[in-house]
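[1] Here you go, sequence then predicted model.
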Amino acid sequence: MEILGYITLTIFIGLMLATLFGYIRTPVQTVLVLSTVLCLVVGGFFRYFSSGWDAVMLLPNEFLGGIILHPITALLTGLFLAGGLKASGGFEALKVILRYLRKSPIGLVGTLVILINLPVISSLPCGRILAAALLPLLFTFSFEGGMGILTKSQAIVLIGAFTRNAMGSCGPSPIGGVGQIGEGFLGSFFATASEGILRAPQAFSLMLGTAIVALFLKFISQRLYPNDVALRENPFTSGASEREEPEISAPMEGYLALVIFVASLLIAIFQPFGKMPVQTILVAGAVLMVIVCRVRLNSLMEGIILLPVTAMTAGFLAAGALAATGGFDALGIILNSLVGVPFLGIAGMLAIFVQFQTILPLSCARILTAALVPVLYLFGPAKFGFLDWSQLAIVMAAYIINATTSCGPSPLGGGGMMGEGTMRAETGFIKGAYTFASMAIMAPLAAIYMKFLNLSVFQPSDPAFVRDVLTIVQFTLVVVAANVALLALGSRLFGPDQSRNWLLQTGGFIAAGGLAGGILAFALFETNPSAIIQGMVGGMIAAILIGVMAPKVLSRRLTATLSGPEL
Amino acid sequence: MLTWLMFLFVGAISGLILAWALDMHSPRELAQGAVGGLIAGLLMAAMLPH
């Protein structure tokens, strides 16, 4: 059976890589279904010849038994409720509120900072919902959008940072978020994990990661790809408004829908009326919206974006097929063998593993998360025993935020492409910024936050879990200072030679990856020097794999993609 | 309480960096960015389980 696992794992990874590099040009969901069918057919043949017909008959049960329905139904109901908000003019009401904020003492910049962080605050089950609603508003701040409040560079930073935040906000969502997949597994030990043990570490690191993305776009991306954003500069002046601001109004139903939406979200999170499934609360909220705001059922249904739902379902199908045919066991054995490599060890292997989805970014994070979180779970006490439960929670926090942000830089219809479209940029413009922040900022800080604060919040009775906010502050400041220094240095060293610039960027990735791997190892094994060195080596290997995937030249790459791969 | 503190801290840092990245360099604009970040951090902390 072991050889079967290697074959099905090769089928799965081979098909994913072929899709990522453009050799297969069909939606990734179709490829996942193909992978599922192939794995099951191959598995059926193997079982027939090794154990007979009875073993083949058991295969469908084992395959379907691995599919977890809770995140799928939570996602569907979350999108259902968000559809009601959209249909009743709730997003228009939000725009009106933001306009008032701009005129308040926090001014334009304070409002923009809140706006950029709005996706993670609202934590919808898919970042595309809020991005689709608010990206047109952000575009209006640019000269071409009508208001002309922002310069070209400011508009790029605003749109890029907002999209980054949106395409990570599905992770900490309590209504079908990506993180709930990991929380389900951690529930084996942490009794209250399903209440959101992974939410705070994700939100903490995403807020800071968003800021670093903004700096990366300003210092690096705009210098690396100077001619790849078609957004025009304001010809009148830089910054001051020269045009009339378009009037924004919202119907009363929009405000009511916004209140119902926020109330539903709060009830789902805090459960003030006793324990009940989030799906029930969200459906009740949607029904209330139908009655109070007179939203048609069709409008609510239109809010359901199929991509994340089908991506999640296809991911679970592929994961179920891999589990039933021993694919995960094979992956576990391969990663287990990495542990034996002297300069990698457990820390190095985990430093690579947590970056896996940024190395292989697909259109929706749920696809691979559904497949790989079970593998991560096996590293814990459940099978391999590399990690105890608290260490597993720390790695899970780092893995999930890295995974959940991976739809942003994906060239396979990833959410970041919405931002690139809005800023009129070539595909791949944001990839370096997004992958850098996920790798260098978010994964290590999520691990630190989990270790030094969140574990004690969810297991207060255990004296082993400390509350040391000063250490979190110190690590945050060190990580931010190191990465800001790297970005500033990189921008100073950039010249007219694009190949050299790209090499410099890759060098920066490796340095930041080493730091991230070292911090992750520290979060797991504390001051064990060999583990920290192994973590740094693992982090640098992951960084090389991520850095070389960042495009060197955008226009040529796009042309090459459009004209077809050279097989 | 510590969760609130942490999110106020990260919000302020994030707001400051975002303001700088948006070419808003005057002390008033940087302060506004930090306050915007504080508000964002406060709202985020309010949405989390404690």
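    Great, that's in hand.
[2] What is the neighbour count of the residue of the stretch 351-500 of chain A found nearest chain B?
    The nearest approach of the stretch 351-500 of chain A to chain B comes at residue A:469, 5.3 Å away (CB to the nearest CB). Every C-beta, even on glycine, is put in place using the N, C-alpha and C of the backbone. Residues near residue A:469, counting by other CB atoms under 10 Å in any protein chain shown, number 17.
[3] Would you agree it is in contact with residue B:3?
    No - assessed by CB atoms under 8 Å, residue A:469 is found out of contact with residue B:3, at 9.3 Å.
[4] so what sits against both of those two?
    residue A:453 (CB atoms under 8 Å, 6 or more residues apart in numbering or on different chains).
[5] can you tell me which residues contact the closest residue to the residue of the stretch 351-500 of chain A closest to chain B other than its chain neighbours?
    In space, and not counting its chain neighbours, residue A:469 is closest to residue B:2: 5.3 Å by CB to CB, 6 or more residues apart in numbering or on different chains. Counting by CB under 8 Å, 6+ apart, residue B:2 touches A:453, A:467, A:469.
[6] Lowest-confidence one in those?
    In terms of pLDDT, the lowest of the contacts of residue B:2 is residue A:467, showing 79.
[7] Please name the spatially closest residue to that residue (chain neighbours excluded).
    Here the residue nearest residue A:467, using CB to CB, 6+ apart, is residue A:456, at 4.8 Å.
[8] Correct me if wrong: the one you found contacts residue A:468.
    No - contact criterion CB under 8 Å: residue A:456 and residue A:468 do not qualify, at 9.1 Å.
[9] The two: which is more packed in?
    residue A:456 (18 against 14).
[10] Spit out the contact partners of the more buried one.
    A:462, A:465-467 are the contacts of residue A:456 under CB under 8 Å, 6+ apart.
[11] In the residues you listed, which residue is surrounded by the most others?
    residue A:465 (19 neighbours).
[12] what's the helix or strand for residue 35?
    You didn't pick a chain, so chain A it is. Using DSSP states H and E, residue A:35 sits within helix A:28-51.
[13] Sorry, I should have been clearer: chain B.
    helix B:27-46.
[14] swap in residue A:288?
    Going by DSSP H and E, residue A:288 is part of helix A:278-292.
[15] Contacts for that helix, please.
    For helix A:278-292, using CB under 8 Å, 6+ apart, the contacting residues are A:73-74, A:77-78, A:80-81, A:83-85, A:88, A:174-176, A:253, A:256-257, A:260-261, A:263-264, A:267-268, A:295-297, A:300.
[16] Quick check on those: which are buried?
    A:73-74, A:77-78, A:80-81, A:83-85, A:88, A:174-176, A:253, A:256-257, A:260-261, A:264, A:267-268, A:295, A:300 (16 or more other CB atoms under 10 Å in any protein chain shown).
[17] In helices only, show me those residues.
    Among the buried ones among the contacts of helix A:278-292, DSSP state H puts A:73-74, A:77-78, A:80-81, A:83-85, A:253, A:256-257, A:260-261, A:264, A:267-268, A:300 in helices.
[18] Outline the domain layout of chain A.
    Domains of chain A are assigned by automatic domain parsing as A:70-306, A:326-563.
[19] with the contacts of residue A:456 in mind, which one is nearest to residue A:94?
    residue A:467 (35.3 Å; CB to CB).
[20] Three-state assignment for the closest one, please.
    Assigned by DSSP: H, G, I helix; E, B strand; the rest coil, the conformation of residue A:467 is coil.
[21] Any part of stretch A:157-167 near chain B?
    Yes - for stretch A:157-167 and chain B, the contact criterion (CB under 8 Å from any CB of the partner chain) is met by A:157-158, A:161.
[22] Stretch A:478-485 too?
    Yes - on the criterion CB under 8 Å from any CB, stretch A:478-485 is in touch with chain B at A:480, A:484.
[23] Contacts for that stretch next, please.
    A:208, A:212, A:215, A:440-441, A:444-445, A:512, A:515, A:519, B:13, B:17.
[24] Of those, which belong to strands?
    Among the contacts of stretch A:478-485, no residue falls in strands (DSSP state E).
[25] Closest one of these to residue B:23?
    Of the contacts of stretch A:478-485, the one sitting nearest to residue B:23 (CB to CB) turns out to be residue A:215, at 11.6 Å.
[26] Please name the residues that touch the closest one.
    Counting by CB under 8 Å, 6+ apart, residue A:215 has contacts A:484, A:487, B:17, B:20-21.
[27] Check what pLDDT it gets.
    Taking residue A:215 on its own, its pLDDT is 94.
[28] The residue nearest the centre of chain B and chain A: what is the separation?
    Most central in chain B under CA atoms, centre = their mean is residue B:37, positioned 2.0 Å from the mean C-alpha point. Look at residue B:37 and chain A: by CB to the nearest CB, to the nearest Å, they are 5 Å apart.
[29] Quick check: closest non-adjacent residue to that residue.
    Residue B:37 sits nearest to residue B:15 (CB to CB, 6+ apart), 2.1 Å away.
[30] tell me which element that neighbour is part of?
    Per DSSP H and E: helix B:2-21 holds residue B:15.
[31] buried set for that helix?
    For helix B:2-21, by 16+ other CB under 10 Å, it's B:2-3, B:6-21.
[32] one step back: so for the helix holding residue A:288, what's the average pLDDT?
    84.
[33] With stretch B:28-43 instead?
    94.
[34] Please tell me how far that stretch is from the chain's geometric centre.
    4 Å (CA atoms, centre = their mean, to the nearest Å).
[35] How about it, which residues are buried there?
    Buried, per 16+ other CB under 10 Å, within stretch B:28-43: B:29-41, B:43.
[36] if you average pLDDT over stretch A:494-509, what comes out?
    88.
[37] what distance separates that stretch from the centre of its chain?
    On CA atoms, centre = their mean, the centre of stretch A:494-509 falls 26 Å from that of its chain.
[38] Next: stretch A:416-436.
    On CA atoms, centre = their mean, the centre of stretch A:416-436 falls 15 Å from the chain's centre.
[39] Could you do stretch A:32-49 as well?
    30 Å.
[40] Show me what it is in contact with.
    So stretch A:32-49 is contacted by A:1, A:3-4, A:7-8, A:11-12, A:15-16, A:55-56, A:58-59, A:63, A:314-315, A:317-318, A:320-322, A:324-325, A:327, A:367 (CB under 8 Å, 6+ apart).
[41] one more time with 6 Å
    A:4, A:7-8, A:11-12, A:15, A:55-56, A:59, A:314, A:317-318, A:321, A:325 (CB atoms under 6 Å, 6 or more residues apart in numbering or on different chains).
[42] JSON lines please, covering those residues and showing pLDDT.
    Below are these laid out as JSON lines (pLDDT from 0 to 100):
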{"residue": "A:4", "pLDDT": "88"}
{"residue": "A:7", "pLDDT": "92"}
{"residue": "A:8", "pLDDT": "91"}
{"residue": "A:11", "pLDDT": "92"}
{"residue": "A:12", "pLDDT": "87"}
{"residue": "A:15", "pLDDT": "87"}
{"residue": "A:55", "pLDDT": "83"}
{"residue": "A:56", "pLDDT": "85"}
{"residue": "A:59", "pLDDT": "84"}
{"residue": "A:314", "pLDDT": "79"}
{"residue": "A:317", "pLDDT": "82"}
{"residue": "A:318", "pLDDT": "82"}
{"residue": "A:321", "pLDDT": "85"}
{"residue": "A:325", "pLDDT": "87"}
